[in-house]
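[1] With the sequence up front, the predicted model follows.
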Amino acid sequence: MNGHIDVGTVLRRTVCDLYSDLVTRPTGAAVRTGIEQQLAELADRTVTIIDFAHVGLLDFSCADEIVAKLLLRIPTGSGTRDAYFLFRGVSDSHLEAIEVVLERHGLAAVAQRDDGELILLGDLGAPQRQAWDAINRLGRGDAAEVALESDIPAAAASLALDDLWRRRLIMRTDQWYVALGATA
């Protein structure tokens, strides 16, 4: 199941109908709380699009409150919720703030550019980035297929895919690893 949360709408509903900028930590915390309330209503396994298209400015404190804390609060791999996020409508100025907070917390996220291209943000090593690129080209696959597509050893591909799944950057089924773009 997929969900869609418009951050601009959450901002206007939780803080002020006149705002389109995300500045100050209390504003970010209020918006994150609103997003978490919407997430609680979704199915157990979801790819949720967190849409920043209607947000003007995103400062570092709001990026920390919304993006980093949202990612830190979602159970990874074995919780009751199998949640994945795809950040959409992210401008170049948003990317700067998001990248800084992801790296500060050792996190990573998937964003989608306006042209539909998926990009990987944050703190990841070369094998994870290669495996992520390969699974996105394939759409879905197992470790052997990703190893062939990425030209990395099968054992390294398997470890990288498991790490990407634990960090909620790709999905896993009984048989396959699946790119978030193939589901959203």
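    Cool, got the structure. Numbering: from 1, shown residues only.

[2] which ones are touching the residue lying closest to D163 once chain neighbours are set aside?
    Excluding its sequence neighbours, the residue lying closest to D163 (Cβ to Cβ, 6 or more residues apart in numbering) is Q128, at 5.6 Å. No exception for glycine: its C-beta is placed from N, CA and C like everyone else's. Shown in contact with Q128 (Cβ atoms under 8 Å, 6 or more residues apart in numbering): A108, A160, D163, L164.

[3] Just the buried residues of the helix or strand containing Q128, please?
    Using DSSP states H and E, Q128 sits within helix 126-138. For helix 126-138, a neighbour-count test (16 or more other Cβ atoms under 10 Å) marks P127, Q128, Q130, A131, W132, D133, A134, I135, N136, L138 as buried.

[4] cool, stretch 46-65 as well?
    46-52, 55, 58-65.

[5] how distant is that stretch from the center of its chain?
    Computed by Cα atoms, centre = their mean, to the nearest Å, the chain-centroid distance of stretch 46-65 equals 11 Å.

[6] Check whether L159 sits in a helix, strand or coil.
    Taking DSSP: H, G, I helix; E, B strand; the rest coil as the rule, one finds L159 in the helix state.

[7] wait, it sits on P127?
    Yes: in this structure L159 lies within contact range of P127 using Cβ atoms under 8 Å: 7.2 Å.

[8] Do you have the helices of this protein handy? List them.
    Assigned by DSSP state H, the chain shows helices spanning 7-14, 25-39, 60-63, 69-73, 92-105, 126-138, 143-150, 154-166.

[9] Quick one: mean pLDDT for the last one?
    It stands for helix 154-166. Averaged across helix 154-166, pLDDT comes to 96.

[10] what packs against it?
    Counting contacts by 3 or more Cβ pairs under 8 Å, 6 or more residues apart in numbering; DSSP states H and E, helix 154-166 packs against helix 126-138, helix 143-150, strand 170-172, strand 177-179.

[11] Specify the angle between the second one and helix 126-138 in degrees.
    Between helix 143-150 and helix 126-138, the angle comes out at 90 degrees (axes from the mean of the first three to the mean of the last three Cα atoms, to 10 degrees).

[12] Off-centre distance for helix 143-150?
    Mean-position distance between helix 143-150 and its chain equals 23 Å (Cα atoms, centre = their mean).

[13] Perfect, I'm done here.
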